[in-house]
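Participant: After the sequence you'll find the predicted model.
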Amino acid sequence: MFRRMRLVIISGAVAVFTAAGMAYAAPIALAQPAITQDSLINSPQVSSAGQNVTPTLTVHSSSCTTVQALVVTARDSEGNNVGWGGNFSNPQICPSGYTLTPNPRSFPAGTYTEFGAYLLDDVWTNLPSQVLAVTSTPVQPGGPTEADQPTDQPSWDPSGSHTLTFDDEFNSNSVDTSKWATTWWVNPGNGNGISWSNNSYMIACYAASHDSEPGDGYLHMRLDNTASTCGTQRNYTGAVLDTHANFSQSGGEFEARVNLPCNSSGQVYGWPAWWTIDDTWTGEIDDVESGWPAASGGGTASHLEHTDFSGHFQNPGWQSSSPACGWHQFGAQWEPIIGHTVTFYWDGQAVFTHQFIDRGSQPQYLIFDYQMASQAIAPPTVGATMLVDWVRVWQ
């Protein structure tokens, strides 16, 4: 019956076949619906080796479509997929959204690349990735415990008799504004929560909205590629926290437990830092800063900035051979009178001691900030977050 057949293209939309006086139209292949990731959140957000982690992936599609599988996986440093798995029973994803929560699992300590993926027409498509940092030591779950009390002594002198003068355990549901300002006091902006630094190599605005205490026991400081205006247009937005208006101290012990976010290659995202400085800007103690230009050799650094007795600017410091990713305790013991020295401590161990002159031992206030610089490692699409478990000061 179909001895004669010819193909006709009509308006590029359908193919018409004719044979023996009859015709029918067959649609040509159409573009696949776009599947977009809305969020990928872990519980707990920061985990330790052997602790179960449960991811929750939320996606939506431009129109309802059925995929062969939707999963969440993690890739280790050797490129092996070691993640959770997911739904292999043809889930339907619609514009209203679809949420996947695989069974929990634990990981050895290390840094992993975590991402969702879907299988459609026998082709896997990866969704945006993020860093999963698994620490080697247990992470405090949020509320204070016996090992996480403000009465603790500095990690380098646990049996000492230092008097606690300042403490924040970040166990609330919002930043304590009686202790901290969430905008940079030098350039606080016009009250819109956007502030900035004058240094040309700092290319992120500070947004108060990027500081948060969501009730999980940590301060969250976010850096992402959101463009914002602060004196000028900048392509990144970071976070800052300081006690300039509320607390400062000359000499003593300063320590914080901080999580530095890294990519799967072990490189720190952006320029995270925890430091103190006096109100005259003649002395600066950088307990930790990582990323370019603070640690241009690729590691993590501690620095001093001061003017010596001869009036010359000095910038001595120490840098690790590789970045200190994940959770660490960074601190300094400052002796402003006898010896005029600062000793930096990482995880309770002294790493660097040097003379420090700040023209009269001016009291210093506390600063956490998460900046971006031109040659620093850019945060992923979903942003990067520096976490702070606690900060304590003793005299």
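Facilitator: Nice, I can see it.
Participant: Could you tell me how many residues sit around N198?
Facilitator: If you count neighbours by other Cβ atoms under 10 Å, N198 ends up with 9. The C-beta positions use only the backbone N, C-alpha and C, and glycine is treated the same way.
Participant: State the helix or strand in which it lies.
Facilitator: Using DSSP states H and E, N198 is not contained in any helix or strand.
Participant: OK, contacts around it?
Facilitator: 186-187 (Cβ atoms under 8 Å, 6 or more residues apart in numbering).
Participant: and whatever helix or strand V288 lives in, what other elements does it pack with?
Facilitator: Taking DSSP H and E as the definition, V288 sits inside strand 283-290. Contact partners of strand 283-290 among helices and strands, from 3 or more Cβ pairs under 8 Å, 6 or more residues apart in numbering; DSSP states H and E: strand 252-260, strand 271-278, strand 300-307, strand 326-335, strand 341-346.
Participant: now those as JSON lines including mean neighbour count?
Facilitator: JSON lines is the format used below for the helices and strands packed on strand 283-290 (neighbours: other Cβ atoms under 10 Å):
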{"stretch": "strand 252-260", "mean neighbour count": "24"}
{"stretch": "strand 271-278", "mean neighbour count": "24"}
{"stretch": "strand 300-307", "mean neighbour count": "22"}
{"stretch": "strand 326-335", "mean neighbour count": "22"}
{"stretch": "strand 341-346", "mean neighbour count": "22"}
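Participant: By mean pLDDT, show me the worst of those strands.
Facilitator: Among these, strand 300-307 carries the lowest mean pLDDT, at a mean of 90.
Participant: Could you tell me which strands sit next to that strand in the sheet, and their orientation?
Facilitator: strand 283-290 (antiparallel), strand 313-314 (antiparallel), strand 317-319 (antiparallel) (DSSP bridges).
Participant: hmm, who's touching the last one?
Facilitator: Contacts with strand 317-319, where a contact means Cβ under 8 Å, 6+ apart, come from 286, 295, 297, 299-304, 344, 351-352.
Participant: about what we covered before: format the CA atom coordinates belonging to the strand holding V288 as CSV.
Facilitator: Extracted C-alpha coordinates of strand 283-290, given in CSV (Å, rounded to 0.1, in the frame of the first residue of the first chain):
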residue,chain,number,x,y,z
GLY,A,283,48.4,47.7,65.5
GLU,A,284,46.7,44.6,64.0
ILE,A,285,46.6,41.0,65.1
ASP,A,286,45.4,38.6,62.4
ASP,A,287,44.7,35.3,64.3
VAL,A,288,43.9,33.7,60.9
GLU,A,289,43.3,34.7,57.3
SER,A,290,43.3,32.5,54.3
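Participant: In this protein, where is pLDDT below threshold?
Facilitator: For the chain, applying pLDDT under 70 flags the ranges 1-31, 45-46, 136-151, 358-360.
Participant: can you pull out the helices in it?
Facilitator: Assigned by DSSP state H, the chain shows no helices.
Participant: Let me see the domain layout of it.
Facilitator: Domain assignment for the chain, taken from automatic domain parsing, gives 1-30, 35-135, 146-394.
Participant: Between the two ends of the second one, what distance do you get?
Facilitator: Terminal residues of domain 35-135 are spaced 32 Å apart (Cα to Cα, to the nearest Å).
Participant: Hmm, S302 and V351 touching each other?
Facilitator: Yes - using Cβ atoms under 8 Å, V351 is in contact with S302, at 6.7 Å.
Participant: so what's in contact with the two at the same time?
Facilitator: Contacts common to V351 and S302, judged by Cβ under 8 Å, 6+ apart, are 318, 344.
Participant: residues contacting the closest residue to S47 other than its chain neighbours?
Facilitator: Excluding the flanking residues, the one nearest S47 by Cβ to Cβ, 6 or more residues apart in numbering is V53, at 4.8 Å. Under the criterion of Cβ under 8 Å, 6+ apart, the neighbours of V53 are 42-44, 47, 104-107, 132, 134.
Participant: same thing but 7 Å
Facilitator: 42, 44, 47, 104-107 (Cβ atoms under 7 Å, 6 or more residues apart in numbering).
Participant: Write a PyMOL command that selects only the buried members of these.
Facilitator: Applying 16 or more other Cβ atoms under 10 Å to the contacts of V53, the buried members can be selected in PyMOL as follows:
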select buried, resi 42+44+47+107
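Participant: In strands, which of the contacts of V53 fall?
Facilitator: Secondary structure of these is defined by DSSP state E; positions in strands are 42, 47.
Participant: wait, which of the contacts of V53 is closest to T381?
Facilitator: N42 (16.6 Å; Cβ to Cβ).
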